[in-house]
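Any chance you can model this:
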Amino acid sequence: MMLLTNHPIIMAITILCILLSCVTLWFICRHPIPYKGLYSIGLGIIIGLCSIFLFTTIKHLERQASLTPTPTFIAVHSIDDLELALAEAASQQQPVLLDVTADWCPPCIAYKKETFPAPKVAKQLNQYTLLQADVTANTPQDLALMQHLNVTGFPTLLFWDNKGEAVTQAEVIGFMDADEFSEHLRQQALHIQ
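Predicted coordinates:
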């Protein structure tokens, strides 16, 4: 159902088909019609055509989604993990994006499901080493990492340039949709490289 809610036209056609089928079925049951069998066949054809339309549309959307690569984040669990990952990225001359996230944070989940996988954002993220610190468990290591990074809210996105230097003006606290985040990445590209 999540797939349908992301595509309002498909959702509207689905609701229309269901309503049409219900009204037709109600009409057949409430009124004496000499050709109820024909109406039932017609209703079956309508439902069948709607099912075929929805099935092929959903398969097409799934195919499109599989063509867009979803960015892969490397898990960071401690300050040591972070320092190691930053050193590795700097040695490869790659900028870094760190996503500080938690499972109980709805905007964090929206980044994972909507913003990061969006085609234009995913393409821009290809130039980064992508790190993710999931602090859901709130362990002493999580708390130390958040304190080390000065995390004041969720979600927090932190950036480092290709030399391993923090780019504080690129920091994001809170949610941005795909368009906003893509523009943010475009504006910060000059500072990151």
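
Neighbours of the residue nearest to Ile47 when sequence neighbours are not counted, how many?
Nearest non-adjacent residue to Ile47, counting by CB to CB, 6 or more residues apart in numbering: Ser21, 5.5 Å away. (Glycine included, C-beta is placed from N, CA and C.) Neighbours of Ser21 under the rule other CB atoms under 10 Å: 15.

Would you agree Ser21 is in contact with Ile45?
No: using CB atoms under 8 Å, Ser21 is not in contact with Ile45; the gap is 10.7 Å.

now the strands: where do they sit in the chain?
Assigned by DSSP state E, the strands in the chain fall at 74-75, 96-101, 129-134, 156-160, 172-173.

so which of the ones you listed gets nearest Met146?
For the strands of the chain, proximity to Met146 was assessed by CB to CB; strand 96-101 is nearest, at 6.9 Å.

what about that closest one, average pLDDT?
Mean pLDDT, strand 96-101: 96.

Give me the helices and strands touching that strand, please.
Judged by 3 or more CB pairs under 8 Å, 6 or more residues apart in numbering; DSSP states H and E, strand 96-101 is in contact with helix 79-91, strand 129-134, helix 140-149, strand 156-160.

so how many other residues sit close to the closest residue to Gly42 other than its chain neighbours?
Take Gly42 and drop its neighbours on the chain: the residue closest to it by CB to CB, 6+ apart is Thr24, 7.4 Å away. A count of nearby residues for Thr24, using other CB under 10 Å, gives 16.

I'd like the distance between Thr24 and Leu49.
Using CB to CB, to the nearest Å, Thr24 is found at 13 Å from Leu49.

one step back: and the residue nearest to Ile47, what pLDDT?
71.

tell me how far the ends of stretch 114-133 are from each other?
18 Å (CA to CA, to the nearest Å).

That stretch: which residues count as buried?
115-118, 121-122, 124-125, 128-133 (16 or more other CB atoms under 10 Å).

what's the farthest-apart pair in those?
Ala118 and Ala133 (21.8 Å).

Quick one: end-to-end length of stretch 153-173, please.
The first and last residues of stretch 153-173 sit 6 Å apart, counting by CA to CA.

and it, average pLDDT?
93.

Which residues belonging to it are considered buried?
Quick answer for stretch 153-173 (16+ other CB under 10 Å): 154-162, 164, 167, 170-172.

so which of the residues you listed comes closest to Pro71?
When those are compared for distance to Pro71 (CB to CB), Leu157 comes out closest, at 12.5 Å.
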